[in-house]
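**Q** Below: sequence and its predicted model.
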Amino acid sequence: SQKIEQNSEALNIQEGKTATLTCNYTNYSPAYLQWYRQDPGRGPVFLLLIRENEKEKRKERLKVTFDTTLKQSLFHITASQPADSATYLCALGSGGYNKLIFGAGTRLAVHP
Amino acid sequence: EPEVTQTPSHQVTQMGQEVILRCVPISNHLYFYWYRQILGQKVEFLVSFYNNEISEKSEIFDDQFSVERPDGSNFTLKIRSTKLEDSAMYFCASSTPGTRFYEQYFGPGTRLTVT
């Protein structure tokens, strides 16, 4: 069955460092992958979408890579700030406007 | 920036009662979704809706669930006879063709508590 794994339950880093979050998947061939931020009790907030034919995408301090051979996406936040503390979700889409399948998320804590 | 809105933010109901969760998707969006998230678990897909009909539904979306777009702005999820296990956060999302195609934008959610 399809499986999405995000690295570790929590990631603690120091302010100013780069946070790197991992999303691995098996038994799936996504057409695109989306990253979301979720704060406690709130809805997922869209951050970035990367398509299967794209290797890398950037938006301000965020960078996403997508390796369909390794079946892995990496999500980087550079110059991290305490305000970046949240849970980050990866979600895979099979194509078109179909459903998203979500990972369990990685909780990021950025310490001053 | 346009946002998806949802009402109510919190709904408490007794087992067996009917509830309607309401969503106003982003105004020019054409594709609509409902997801749910049980406390501490993953976000799960329920149903997608396009051109006034269901495009896809999950195993969770059984006969107790229905969706409707009663007018040009609202999108509703109805649970006919709620069960304890329906307690969760319910999120509406929308998407549209164009420069941001496939991106799904979520609302803040409705917390449903079934007692």
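**A** Right, received. Where do you want to start?

**Q** Model confidence at residue B:99, what's the number?
**A** On pLDDT, residue B:99 comes in at 68.

**Q** try residue A:63
**A** 98.

**Q** just checking, next helix/strand downstream of the one helix or strand it maps to?
**A** Taking DSSP states H and E as the definition, one finds residue A:63 inside strand A:62-67. Where DSSP H and E defines the elements, the next helix or strand beyond strand A:62-67 is strand A:72-77.

**Q** CA atoms of stretch A:94-112 as PDB?
**A** C-alpha atoms of stretch A:94-112 as PDB (Å, rounded to 0.1, in the frame of the first residue of the first chain):
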ATOM      1  CA  SER A  94      -1.300  11.600  -8.300                       C
ATOM      2  CA  GLY A  95      -2.200  14.300 -10.900                       C
ATOM      3  CA  GLY A  96      -4.800  16.700 -11.900                       C
ATOM      4  CA  TYR A  97      -7.100  18.000  -9.200                       C
ATOM      5  CA  ASN A  98      -7.100  14.700  -7.400                       C
ATOM      6  CA  LYS A  99      -6.900  14.100  -3.700                       C
ATOM      7  CA  LEU A 100      -3.800  14.700  -1.700                       C
ATOM      8  CA  ILE A 101      -2.300  12.000   0.500                       C
ATOM      9  CA  PHE A 102      -0.600  13.400   3.600                       C
ATOM     10  CA  GLY A 103       2.300  12.400   5.700                       C
ATOM     11  CA  ALA A 104       2.100  12.500   9.500                       C
ATOM     12  CA  GLY A 105       4.200  15.700   9.600                       C
ATOM     13  CA  THR A 106       7.400  16.800  11.300                       C
ATOM     14  CA  ARG A 107       7.200  19.100  14.200                       C
ATOM     15  CA  LEU A 108       9.900  21.700  14.000                       C
ATOM     16  CA  ALA A 109      11.000  23.700  17.000                       C
ATOM     17  CA  VAL A 110      13.400  26.600  16.500                       C
ATOM     18  CA  HIS A 111      15.100  27.800  19.700                       C
ATOM     19  CA  PRO A 112      16.400  31.300  20.200                       C
END
